Every structure is written in C-alpha cells, then in structure tokens.
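Asks: Sequence first, predicted coordinates after that:
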Amino acid sequence: MSYLEEIQVKNLDHLGIVAGLIDEIGIVKIINNKLGIDVREKISAGTVVKSILINGLGFVSRPLYLFSQFFQDKAIEKLLGERIKPDYLNDDKIGRVMDELYKYGLNDIFIGVVLEVIKKFKIDLKYSHLDSTSFHLDGEYKREEDKEKQEEEKIIKERPIFIKKGYSRDHRPDLKQCVLDLITSQDGDIPLFVRVGDGNESDKAVFGKVLVEFKKQIKFDSIMVCDSALYGQENLQLIQHLKWITRVPMTIKKAKELVQNIEVEEVKDEDKEKRSDLNLESYTWKEEIVTYGGIKQTWLIVLSEKRQKSDLEKLEKQLSQEEKKSQKFLKEIQSEEFEHPQAARYKLKAINKKLRLLEIKEVELIETYSKKKEKIYKMISLIIKKDEEISRVC
C-alpha cells in the first residue's frame, strides 16, 4: 500500500476558530455541569450543543435528519473531540438534548454562558444597549390566539409566541413574523439577554418589562441605553430604580415646548479646550430638571451646529422647490374663471393640500363678466409662509 492511499483530506475551514472560541469560553463544560453526564452516552449534551453552534456558523441550512452529513468531510476529532463519529449526531440525540435544554431553562443556560464570557474577557458593563428586530417566517401559523392565551396563562407563566403580522424591520410586511429583543454590552457588543416575542408586539409595551427582567437575572450596575420606545409613563414607573438613558420623543408636548423656547448658554473659554479634546466643539447643551410620569429626571437639550447648518440647507432647498410649485399654482388659480365663489375656494383648498411649507391665501374674490357676458368670479391671491410648519421642520 502506498502512502498516498493512506492520506485522507478533511476540511476545517473557519470552523477551527469557532470551535476554539467555544472551548475558550467553556460552553461544553457549562452545559454538562447543568444537565449532567450519563456514562452510557457516546456524546455529551455539551458536545452536541457545540456541534449545533459549529453547524449554525458553517453557513449551511439542512433538515435535522441530515445534520450528521455536515461533519462527514470535516475533521470531527479536531472540532468535537477524539472518538466522536458523525453518526452520533443523529436527529434523535439532538432532539433529546434540545428537550433537556428547554426543561432546564434556556435563559438560565444563556446567562451562565454570558457571565463566563464577561469574566473571561473582562467585558466593561458600564453601558448596556437594548433594541429589537424582527424575523419573517413562511407559512400560515393558524392558531386561536385568544382561547389558547387564556388556557395557557391559567397553567403556566410562559407560553409559545404567536407568529403574526406586525411592524417589519426586515421589510417583509406581507409575511408573519416574530420579534427578538436583545441586550448587548457597549464593550464588544456581547449579547447579554435575549427574548423572543409575538410578531405584533410593540417595543413601547415591553421594553420596560424587559429591562426589569434583565436586572433580576444579571445583577450588575449598568446604565441601560434604549431608543425613544422606552420613554412612556408606564415604563418610567417600572424602571425608576434603574439607571437609564433614552431619547425623549418630540410627540411629548413638554419636550416640544422646551426645544422651541430654551436658550442654550454660550460656552465659556475654559470649557472650549475640554470640548475640543472630546471632539465636541460644535455642540452646545443645557440641562433641565423635569418631572414626567411622576419621575424626576434630567433632560439634556443638545444643539449641534453642523446638524443645524445641514437642516437649514435642506430647508432652503425645500422652500425653493415649493416656491416654484406654489408660483405655478398661483398663476393657475388667478387666471381661472369660476362660476361660483364656492368653486374658487374649493379649488384653493385642493391646491393648499399639495403644499407643506407655503400656503396660497385668498385676498379678494372679484365678481366680473366673461367675454360671453356671463357672471364669473376671479380670485386674487398671494403666497405666504407657514411659520409653524417651518419651525417644526427646523
């Protein structure tokens, strides 16, 4: 037998790096410690999970019963360990491990891995970020939601999610979906908490509850950063014992009034150098102590010179375009002959619906006669700016 006949070629690709990182974190050990090891089994639950992670990051999508085929051409002893064969990773074994993981509690296992990652890689947890996304799914997913919800909630606190149509972040509003809420660390974007929700779930309705649940499970002093969906009276009551940063939505009357009326103070000379070092020389701001939703809080009103300049340039462009459009409408309505005053005013109303920043206003409606000696009405108008609308754009 020649040496060439004894050579076998196996692939590792990028999966060697994936397997090495899984080992460095200690995921196999964490899962085995939680689920236990049966001496009769050929492959442990932790190793099965490792194989699932490697498969998932191998950019392959196959049915569960074909799972073992993924490792047929791979150096499995390097990825999963010695004396492990692809046949051990059959759908029955994977199914049993998945059942065990669910019974133990996926959140508890995930948090165990998260805490190990934080400790091993010394992740800075000063700030944590919460946001949501959605994943569209194919299929009908017919379920009697109300009836099932009532029956399930009588028995257990947790229930299966409802696959429904909702606000689509992946631009498929025609399909049903589920929602994923994710909390990550600012340092390295390490996932710290994951929650799956109904397809029609609203961020405003759940963000406060998500933060409370997160803090119950992982106890460390982190400032939570979210978008404006968090800012509502009910959520503020829920998170009043937490540290958080969010954007106040301009739909709140108090915020709108404050932005329009506040005067940002001039920056002192001694502060200019400090701001320059932080690349903040084009920003000015002012703090306001505000009580909203029964919670005392600090609002920071920030003025960006660059953003203001950019907004004014856009506004000038919009005004120029609308000026041309309104001049055309003005010429049209002043040259038209109307049989009744109501017809002239109806036409003016229809024209103004097409304008946003400008308005054509009636000055006078003149009664006169046409060349055929018939009574007609002609409108004299002028173009005015909608100051309130323009200030809203600014």
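Replies: Yep, it's here.
Asks: make it CA atoms for all contacts and neighbour counts henceforth
Replies: Noted.
Asks: Got the domain ranges for this protein?
Replies: 10-104, 124-247, 308-393 (automatic domain parsing).
Asks: Give me the distance between Glu100 and Leu382.
Replies: Plainly put, Glu100 is 76 Å away from Leu382 if you go by Cα to Cα, to the nearest Å.
Asks: Make sure I have this right: Lys325 is in a strand.
Replies: No. According to DSSP: H, G, I helix; E, B strand; the rest coil, Lys325 belongs to no strand; its state is helix.
Asks: What number of residues are in the vicinity of it?
Replies: 14 (other Cα atoms under 10 Å).
Asks: now do the one 4 residues further on
Replies: Phe329 has 19 neighbouring residues, counting by other Cα under 10 Å.
Asks: Quick check: neighbours of whichever strand or helix holds Glu287 in the sheet, parallel or antiparallel?
Replies: Per DSSP states H and E: Glu287 is located in strand 283-292. The strands beside strand 283-292 in its sheet (DSSP bridges) come out as strand 295-304 (antiparallel).
Asks: Let's see the partner strand as PDB, backbone CA atoms only.
Replies: The C-alpha trace of strand 295-304 is given here as PDB (Å, rounded to 0.1, in the frame of the first residue of the first chain):
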ATOM      1  CA  ILE A 295     -40.300  60.600  38.000                       C
ATOM      2  CA  LYS A 296     -37.800  63.400  38.500                       C
ATOM      3  CA  GLN A 297     -35.200  63.200  35.700                       C
ATOM      4  CA  THR A 298     -32.500  65.200  33.800                       C
ATOM      5  CA  TRP A 299     -33.200  66.200  30.200                       C
ATOM      6  CA  LEU A 300     -30.200  67.200  28.100                       C
ATOM      7  CA  ILE A 301     -31.100  69.600  25.200                       C
ATOM      8  CA  VAL A 302     -28.300  69.400  22.700                       C
ATOM      9  CA  LEU A 303     -27.600  71.800  19.800                       C
ATOM     10  CA  SER A 304     -25.300  70.700  17.000                       C
END
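Asks: gap between it and the chain center?
Replies: The chain centroid and the centroid of strand 295-304 are separated by 22 Å, computed with Cα atoms, centre = their mean, to the nearest Å.
Asks: which other residues reach that strand?
Replies: 236-237, 240, 259, 264, 282-291 (Cα atoms under 8 Å, 6 or more residues apart in numbering).
Asks: Narrow the residues you listed to those that are buried.
Replies: Leu236, Thr284 (16 or more other Cα atoms under 10 Å).
Asks: can you tell me the distance between the two ends of stretch 238-253?
Replies: 22 Å.
Asks: Could you give me the buried positions within it?
Replies: Within stretch 238-253, the residues that count as buried by 16+ other Cα under 10 Å are Ile239, Trp244, Ile245, Val248.
Asks: how close does the first one get to Phe214?
Replies: Relative to Phe214, Ile239 is positioned 11 Å away (criterion: Cα to Cα).
Asks: So, low pLDDT: which residues of this structure?
Replies: Counting by pLDDT under 70, the chain contains low-confidence residues at 1-5, 144-158, 265-277, 393-394.
Asks: Present the domains of the chain as JSON lines; the columns should include distance to Ala255.
Replies: Shown next, in JSON lines, are those (distance: least, Cα to Cα, whole Å):
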{"stretch": "domain 10-104", "distance to Ala255": "45"}
{"stretch": "domain 124-247", "distance to Ala255": "10"}
{"stretch": "domain 308-393", "distance to Ala255": "13"}
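Asks: which SS class is Ser320?
Replies: Ser320 ends up helix, using three-state DSSP.
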